[in-house]
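[1] sequence unavailable; structure follows:
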């Protein structure tokens, strides 16, 4: 019997929350407390590389499983156990003398989370009908962000009491609790579509999907929708610093208010995608998101005010969160459901990589044209993205006669 939508969304939220726990770990703070140089702290961001390489394991996750556990739980359960064990091991380390080993354990934790994400995305494709993709992807985005907040917000605030070792203990405890929930969930095979019989079949199906009519437009759509936002986001905090705002103000307004606004926006985006067609939902969210980006330009051009900074921060995070959820629902609607985990992983990797060039180039760009110029260009790129809505609306869906 098919579980209720609420039960399925609850499970997905919990699974994505676990994946967000290592991602939110306040590693930069930990390293700086150990007097690690800023350059080395920057290099530590390479711990996130497994998330960019998960497409390499996706075909294997798609094919190999233990029938008794289920196609997705065969990966999710052991990876949850491994993540909890790694977190417990990390909690026993001495940070002053065993920092390299800790880095290795954190890398392994990210490998577990990224691989788990492939299986959980596949489970989401299996569990959700097309009409349910909006709420389902809201659960995905909100769950992951709550996981990051749990370690990066609550965990960091409690370090004076429990220390950094205690944060790893919390990661292990939450992961084991969700593992119990996962074990109690009986996975049902999708009987209307046969799973692929081997990795070669997965790769051939992926290649066919990426060569299908309109697929290039879909890939371009996914890879460019956050170009402008990535450039503006990378420079907004430095802009506030140079404008004279203190760490407490930036932390409260951008960190706390911004994150809460992003969570609310993700929920709103899910509801929007539930009530209107997905391409229209993306268009509405993208138009609304351009407003606060223009507001960032206005702050830089005319001088920031407290009220202006708070308003721009709240609306940019709110509409950015709504757009992300609507886009993830769109991505899931365009996968070949026979290879849902692998196909969605390709989209998700492209979405991640699509934000890197603008963010990486934003510093040099701002040195050349100033904050106002960068924010104006970011807003222009976001508005130009709307032009892709026309060919995307015409692109055939996977499985349609024209595909």
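    Yep, it's here. Note that the coordinates shown come from a computational prediction; the quantities given were computed from them, not determined experimentally.

[2] going forward, measure contacts between C-alpha atoms and count neighbours the same way
    Will do.

[3] how much space separates residue 242 from residue 360?
    With distances taken as Cα to Cα, to the nearest Å, residue 242 is found 19 Å from residue 360.

[4] ok, the two, which is more surrounded?
    Per other Cα atoms under 10 Å, whichever of residue 242 and residue 360 has more neighbours is residue 360, with 13 against 10.

[5] from the contact counts, what lies against the helix or strand hosting that one?
    Here residue 360 sits within helix 340-385, counting by DSSP states H and E. Helices and strands touching helix 340-385, as assessed by 3 or more Cα pairs under 8 Å, 6 or more residues apart in numbering; DSSP states H and E, comprise helix 49-53, helix 58-63, helix 99-127, helix 199-211, helix 215-224, helix 227-242, helix 278-302, helix 306-333.

[6] next up, the contacts around the residue nearest to residue 53 when sequence neighbours are not counted.
    Spatial nearest neighbour of residue 53, chain neighbours left out: residue 349 (7.8 Å); criterion: Cα to Cα, 6 or more residues apart in numbering. In this structure, residue 349 makes contact with 51, 52, 53, 54, 55, judged by Cα atoms under 8 Å, 6 or more residues apart in numbering.

[7] show me what contacts the fourth one?
    When you say that, I think you mean residue 54. 114, 115, 118, 345, 349.

[8] how far away is the closest residue to the second one other than its chain neighbours from residue 346?
    Put plainly, it is residue 115. Closest residue in space to residue 115, ignoring its immediate chain neighbours: residue 54 at 6.1 Å, by Cα to Cα, 6+ apart. Between residue 54 and residue 346 the computed distance is 9 Å (Cα to Cα).

[9] residue 370 now?
    For residue 370, the distance to residue 346 under the criterion Cα to Cα works out to 35 Å.

[10] what of residue 389?
    Here the distance between residue 389 and residue 346 works out to 21 Å (Cα to Cα).

[11] could you give the angle of the helix or strand residue 135 falls within to helix 99-127?
    Secondary structure assigned from DSSP H and E places residue 135 in helix 133-149. Taking axes from the mean of the first three to the mean of the last three Cα atoms, to 10 degrees, one finds that helix 133-149 is oriented at 160 degrees with respect to helix 99-127.

[12] which other helices and strands does helix 133-149 contact?
    Counting by 3+ Cα pairs under 8 Å, 6+ apart, the elements that helix 133-149 packs against turn out to be helix 5-24, helix 258-275, helix 306-333.

[13] now for the second one, which elements pack on it?
    Okay, so that is helix 258-275. Contact analysis of helix 258-275 by 3+ Cα pairs under 8 Å, 6+ apart lists helix 133-149, helix 278-302, helix 306-333 as its packing neighbours.

[14] buried residues, the longest one. List them.
    Taking 16 or more other Cα atoms under 10 Å as the basis for neighbour counts, the residues of helix 306-333 that come out buried are 309-310, 312-333.

[15] what mean pLDDT does it have?
    Helix 306-333 carries an average pLDDT of 94.

[16] and that helix, what does it pack onto?
    helix 133-149, helix 258-275, helix 278-302, helix 340-385.

[17] next one: phi and psi at residue 197?
    Dihedral angles phi and psi of residue 197 (degrees, to the nearest 10) take the values phi -90, psi -10.

[18] which non-adjacent residue is nearest it?
    Take residue 197 and drop its neighbours on the chain: the residue closest to it by Cα to Cα, 6+ apart is residue 63, 6.6 Å away.

[19] ok, residue 383 next?
    Taking Cα to Cα, 6+ apart as the measure, residue 383 lies nearest to residue 290, with 6.6 Å between them; neighbours along the chain are not counted.

[20] my guess is that neighbour meets residue 377, correct?
    No: with the criterion set as Cα atoms under 8 Å, residue 290 and residue 377 do not qualify as a contacting pair; they are 11.2 Å apart.

[21] overlap in contacts, the two.
    Between them, residue 290 and residue 377 share no neighbouring residue, with contact defined by Cα under 8 Å, 6+ apart.

[22] lowest-scoring secondary structure element of this structure by mean pLDDT?
    Scoring the helices and strands of the chain by mean pLDDT, DSSP states H and E places helix 38-43 at the bottom, with a mean of 60.

[23] OK, contacts around the residue lying closest to residue 317 once chain neighbours are set aside?
    Leaving aside its sequence neighbours, residue 317 sits nearest to residue 262 (Cα to Cα, 6+ apart; 4.7 Å). Shown in contact with residue 262 (Cα under 8 Å, 6+ apart): 314, 317, 318, 319, 320, 321, 322.

[24] mean confidence for stretch 267-284?
    Rounded to a whole number, the mean pLDDT of stretch 267-284 is 94.

[25] go on, stretch 104-117?
    Stretch 104-117 comes out at a mean pLDDT of 94.

[26] quick check: buried residues in it?
    Along stretch 104-117, the positions that meet the burial threshold by neighbour count (16+ other Cα under 10 Å) are 105-117.
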